[in-house]
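**Student:** pasting the sequence and the predicted model now:
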Amino acid sequence: MGSGCSGENRGRDSLVNSAADTLELVVEHSDDAIPDSVLNAAKCVITVPVSTHGESGNLVAIASCRDGSDWQTSIVTFTGSLSEKQTSALIIVILSASAEAALSKAELDIRRANRKPPLVSTKALVTASDLTSDYMVYKVQSSGEISPGDAEGKLQFPQGSKDSLALSKQSRSLKKYGKSLESFLNAIVPTGIVIHHTALISSDKLPNGEKEVDSYHQQRGFEIQCSGKTYHVAYHYLILPDGTVQRGRPERCEGAHARGYNSYLGISLIGDFSSRDNSDGANSEKRPTTQQMKSLVELCRRLRQKYNIPLQHIVRHSDIASTECPGDRFPFNEFLRSLQTTMERRSLSGK
Ligand SMILES: [Zn+2]
C-alpha cells in the first residue's frame, strides 16, 4: 500500500460504501420499488449517494453495467444541476443500448423526463412502451423511500476510473457493494402468495430453526443474496404441524419457489397432502393440522393487509404450475373462505 494513494483509496472506499448503503436503504425501508421488468431491462444502474452531493459542481457516483451475467462496476462523475438537494440520493437506470454506448464512449446527457418513471405502486404492470426511455431517474429519500426523481447534467467516466476499480475488485467495500446491488436487483414488493407443501421433509426430521431450514435448502441449490446475506431457503415462510411459523427469506427478497412468480411470497406447510404421493400418511402428515391452517390464515391476513394483496392473487402452487403441490387434501376453498371472513369481520368492526 503506497502512502501516496491511500487517501484516494479511502475516498473511493467511502464512495463505494455509500452507494452500497443507498441500495440497502431502499431494499430495507422503501414501501415502493422499481418494477421487476425495469430492473430486468437495466443495462446500467448508477447510484449517486447523498454524501457526494456537494455544490452544483462535480459529483461522483458508482455505475454498474451488465457484462454478460456479471456486472462491471466503475466510478462516474455527474456534472450539472441537481434539482434534488442533499437530502436525497439518486438511482439512474440506463435502459437503452444507445444511452449505454454514449456513457461508455464519452458522456451521457441526462435531461428532465417528460413522464414519471414507473414504480410498483403506480404501475405494477410495465409494458414494452414504458421501457423505451433511454434512462429513468429515481430519488431515494433519507428514509429509504424511493420515488420518481429528476436531474439534469452529464454522466461520464473520469479518466482511468474503469481500470482502478477493476483492480480493487477484491476490496471489502466493492464486495459489500456487489451484494447490495444483487439484493437491490432481487428486491420485490410482494404482489401475491403461493401456497406449497414441503412433501420431502418428513415430520420426524423437522428442521429446527432458521439455520437448519436454510441448510436443508442449501442442499437443493437455492441461493440468493439479499440485504447483505445469503439465503438458501426458497420460501418466505414455513409452517410446522404445531402451527409454528418459521421465517425463510425476508419478504422483500424474491422467491425461488414458483417459476415466473418471483414477486409472490411463498408459504410452505410441512407435510405431504397429496393422496397419490402420501396415501397412507407414511411420509408425513396427510393433511394440514388445525394449528397449521390457523397460522396460515393469520399469516396471509397480515400479509394481505400489509401489501394490499387481492384474494385472487392467493394461489396454490398447482394453480400456476403442473405439480401436485400442495396436494388434493389441502382445503383450499375452506382456507379462502376463512381468510375472507376474517377480513370482513375486521372491516366491519372498524379495523
Ligand atoms: Zn410447491
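**Tutor:** Cool, the structure landed.

**Student:** buried residues in stretch 18-27, which are they?
**Tutor:** Within stretch 18-27, the residues that qualify as buried by neighbour count (16 or more other CB atoms under 10 Å) are Ser18, Ala19, Ala20, Asp21, Thr22, Leu23, Glu24, Leu25, Val26, Val27. The way it works is simple: take the backbone N, C-alpha and C, and place the C-beta from them, glycine included.

**Student:** tabulate those (a markdown table), appending secondary structure.
**Tutor:** Below are the buried residues of stretch 18-27 laid out as a markdown table (DSSP: H, G, I helix; E, B strand; the rest coil):
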| residue | secondary structure |
| --- | --- |
| Ser18 | helix |
| Ala19 | helix |
| Ala20 | helix |
| Asp21 | helix |
| Thr22 | helix |
| Leu23 | helix |
| Glu24 | helix |
| Leu25 | helix |
| Val26 | helix |
| Val27 | helix |
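
**Student:** show me which pair in those residues is furthest apart.
**Tutor:** Ser18 and Val27 (15.2 Å; CB to CB).

**Student:** re the thing from before, wait, which of the buried residues of stretch 18-27 is closest to Asp277?
**Tutor:** Val27 (37.4 Å).

**Student:** state the distance from the closest one to Lys179.
**Tutor:** 11 Å (CB to CB, to the nearest Å).

**Student:** repeat for Ile34
**Tutor:** 18 Å.

**Student:** so where's this protein uncertain?
**Tutor:** The model of the chain has pLDDT under 70 over residues 1-9, 51-58, 81-87, 124, 159-169, 200-222, 227-228, 342-351.

**Student:** spell out which parts of it neighbour the ion.
**Tutor:** His196, His317, Cys325 (CB under 5 Å from the ion).

**Student:** with neighbour count added, can I get the residues you listed in a markdown table?
**Tutor:** Converted to a markdown table, the residues of the chain next to the ion look like this (neighbours: other CB atoms under 10 Å):
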| residue | neighbour count |
| --- | --- |
| His196 | 22 |
| His317 | 22 |
| Cys325 | 22 |
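
**Student:** in strands only, show me those.
**Tutor:** His196 (DSSP state E).

**Student:** Throw the residues of the chain next to the ion into JSON lines and include distance to Asn262, thanks.
**Tutor:** Formatted as JSON lines, the residues of the chain next to the ion follow (distance: CB to CB, whole Å):
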{"residue": "His196", "distance to Asn262": "15"}
{"residue": "His317", "distance to Asn262": "14"}
{"residue": "Cys325", "distance to Asn262": "17"}
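
**Student:** verify the stated contact: Val297 with Leu339.
**Tutor:** Yes. If you go by CB atoms under 8 Å, Val297 and Leu339 touch, sitting 5.6 Å apart.

**Student:** so how far is the ion from the most centrally placed residue in the chain?
**Tutor:** Residue closest to the average C-alpha location in the chain (CA atoms, centre = their mean): Ala187, at 0.7 Å. As defined by CB to the ion, to the nearest Å, Ala187 lies at a distance of 23 Å from the ion.

**Student:** what do you get for Val16?
**Tutor:** Val16 is 39 Å from the ion, by CB to the ion.

**Student:** higher neighbour count, Ile34 and Lys179?
**Tutor:** Ile34 (25 against 18; other CB atoms under 10 Å).

**Student:** rewinding a little: and which of the buried residues of stretch 18-27 is nearest the ion?
**Tutor:** Val27 (25.7 Å; CB to the ion).

**Student:** for that closest one, list the residues it contacts.
**Tutor:** Ser180, Ser183, Phe184, Ala187, Cys226, Ser227, Arg252 (CB atoms under 8 Å, 6 or more residues apart in numbering).

**Student:** switch the residues you listed over to CSV; also include distance to Phe332 and secondary structure.
**Tutor:** Formatted as CSV, the contacts of Val27 follow (distance: CB to CB, whole Å; DSSP: H, G, I helix; E, B strand; the rest coil):
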residue, distance to Phe332, secondary structure
Ser180, 39, helix
Ser183, 33, helix
Phe184, 35, helix
Ala187, 29, strand
Cys226, 29, strand
Ser227, 32, coil
Arg252, 27, coil
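
**Student:** run through the helices of this protein in chain order.
**Tutor:** For the chain, the helices defined by DSSP state H cover 3-29, 36-41, 97-105, 161-167, 172-186, 209-218, 290-307, 317-320, 332-348.

**Student:** my guess is Asn278 meets Gly327, correct?
**Tutor:** Yes. Between Asn278 and Gly327 a contact is recorded at 7.4 Å, counting by CB under 8 Å.

**Student:** find residues that contact each of the two.
**Tutor:** Common contacts of Asn278 and Gly327, defined by CB under 8 Å, 6+ apart, comprise Ala199, Asp272.

**Student:** who has more neighbours out of the two?
**Tutor:** Gly327 (25 against 22).

**Student:** that one contacts Asp272, doesn't it?
**Tutor:** Yes. Using CB under 8 Å, Gly327 makes contact with Asp272 at a distance of 6.4 Å.
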